[in-house]
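>>> show me the folded form of this:
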Amino acid sequence: MSTLTTPSAATLHLTQILLPYEDAIRLLHIRDSYDWHQRIWQAFGGRETQSRDFIIRVDQKEEAFRVLILSQSPPSKPDWCPTDCFGTKLIPEDFFTRSAYRFSLLANPTKKLRVDLADGSRKKNGRRVPLVQRADLEAWILRKAQAGGFVINPDSLRILPRGREFFHKDSTSRGTHTAVEFQGELTVADPVQFRLTVAAGIGSAKAFGFGLLVVAPLNS
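Residues are numbered from 1 along each chain as shown. Prediction:
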């Protein structure tokens, strides 16, 4: 699987795709987040072997899937996407000069458990398990905020579990993510780090539609 390139001061593009459910399911045969992962790559010239410089989020609206793509390089409209349902805009630099924003984050919060091998040594990467308790989820997002250059208003924080999401890479390879949406208001503590965090995303499973920090400036 591709890896995400290290974010920098490169320009950022925000793309929205609205795809009717019938087209997604009947014509494109999209079943899960891995299918979306493969389809979105087609907007970047099919360069799956290169480092990924985009993150995505897929939401189910009333009549269509809404796909948001945040990327360092501008995407091209893939053949499967209706012309009038695809739009890209460059995010202006002054967008990141505000002090406070509303935010929404669809994440896959996890923690790593130690795994011991048969010889008693510790496995290098351990095993990741989902966080499910509210206290653990709240602690997780507050840690991510501190590392990401912003502070969350605790009175505004909403934590919305969205259930487990299954995916299939092929007939023998399967996986599961646990989706949680965080909503609230944030104050920027470190503007440079905040922008890097927006560009890079938060948490794991970014290739599967998690981690895109959607922000909108609050009125001053």
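>>> all strands of this protein, in order?
13-20, 54-60, 64-71, 86-90, 100-107, 110-113, 127-130, 150-152, 158-168, 174-188, 213-217 (DSSP state E).
>>> redo those strands as TSV? Include distance to residue 79, mean neighbour count and mean pLDDT.
Quick note: C-beta positions are derived from backbone N, CA and C, even for glycine. Shown next, in TSV, are the strands of the chain (distance: least, Cβ to Cβ, whole Å; neighbours: other Cβ atoms under 10 Å; pLDDT from 0 to 100):
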stretch	distance to residue 79	mean neighbour count	mean pLDDT
strand 13-20	13	18	94
strand 54-60	18	21	93
strand 64-71	15	19	94
strand 86-90	11	13	94
strand 100-107	27	20	97
strand 110-113	35	12	84
strand 127-130	36	13	81
strand 150-152	38	19	98
strand 158-168	23	13	81
strand 174-188	28	18	91
strand 213-217	27	18	97
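>>> of all those, which lies closest to residue 136?
Nearest to residue 136 among those is strand 110-113; the distance by Cβ to Cβ comes to 7.6 Å.
>>> quick check: neighbours of the closest one in the sheet, parallel or antiparallel?
Partners of strand 110-113 in the sheet, by DSSP bridges, are strand 127-130 (antiparallel).
>>> off-centre distance for the strand it pairs with?
Its chain's average C-alpha position is 18 Å from that of strand 127-130, according to Cα atoms, centre = their mean, to the nearest Å.
>>> then stretch 21-33?
Put simply, stretch 21-33 sits 20 Å off its chain's centre (Cα atoms, centre = their mean).
>>> any chance you could list what contacts that stretch?
For stretch 21-33, the external contacting residues (Cβ atoms under 8 Å, 6 or more residues apart in numbering) are 19, 35-36, 39, 58, 63-65, 80, 82, 165-168, 177, 208-209.
>>> state the distance from the residue nearest to residue 10 when sequence neighbours are not counted to residue 101.
Distance criterion Cβ to Cβ, 6 or more residues apart in numbering; nearest residue to residue 10, sequence neighbours excluded, is residue 72 at 4.5 Å. The spacing between residue 72 and residue 101, counted by Cβ to Cβ, to the nearest Å, is 20 Å.
>>> what does residue 25 give?
Counting by Cβ to Cβ, the separation of residue 25 from residue 101 is 34 Å.
>>> go on, residue 202?
For residue 202, the distance to residue 101 equals 14 Å [Cβ to Cβ].
>>> extract the C-alpha trace of stretch 76-87 and format it as PDB.
Backbone C-alpha positions of stretch 76-87 (Å, rounded to 0.1, in the frame of the first residue of the first chain) are rendered in PDB as follows:
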ATOM      1  CA  SER A  76      -8.200  15.300 -12.500                       C
ATOM      2  CA  LYS A  77     -11.800  14.300 -13.000                       C
ATOM      3  CA  PRO A  78     -11.900  10.500 -13.300                       C
ATOM      4  CA  ASP A  79     -13.900   9.000 -16.100                       C
ATOM      5  CA  TRP A  80     -16.400   7.500 -13.800                       C
ATOM      6  CA  CYS A  81     -17.300  10.900 -12.200                       C
ATOM      7  CA  PRO A  82     -20.100  13.000 -13.700                       C
ATOM      8  CA  THR A  83     -18.800  16.400 -14.900                       C
ATOM      9  CA  ASP A  84     -21.300  18.500 -12.900                       C
ATOM     10  CA  CYS A  85     -20.500  16.600  -9.700                       C
ATOM     11  CA  PHE A  86     -16.800  17.200  -9.600                       C
ATOM     12  CA  GLY A  87     -15.200  20.500  -8.300                       C
END
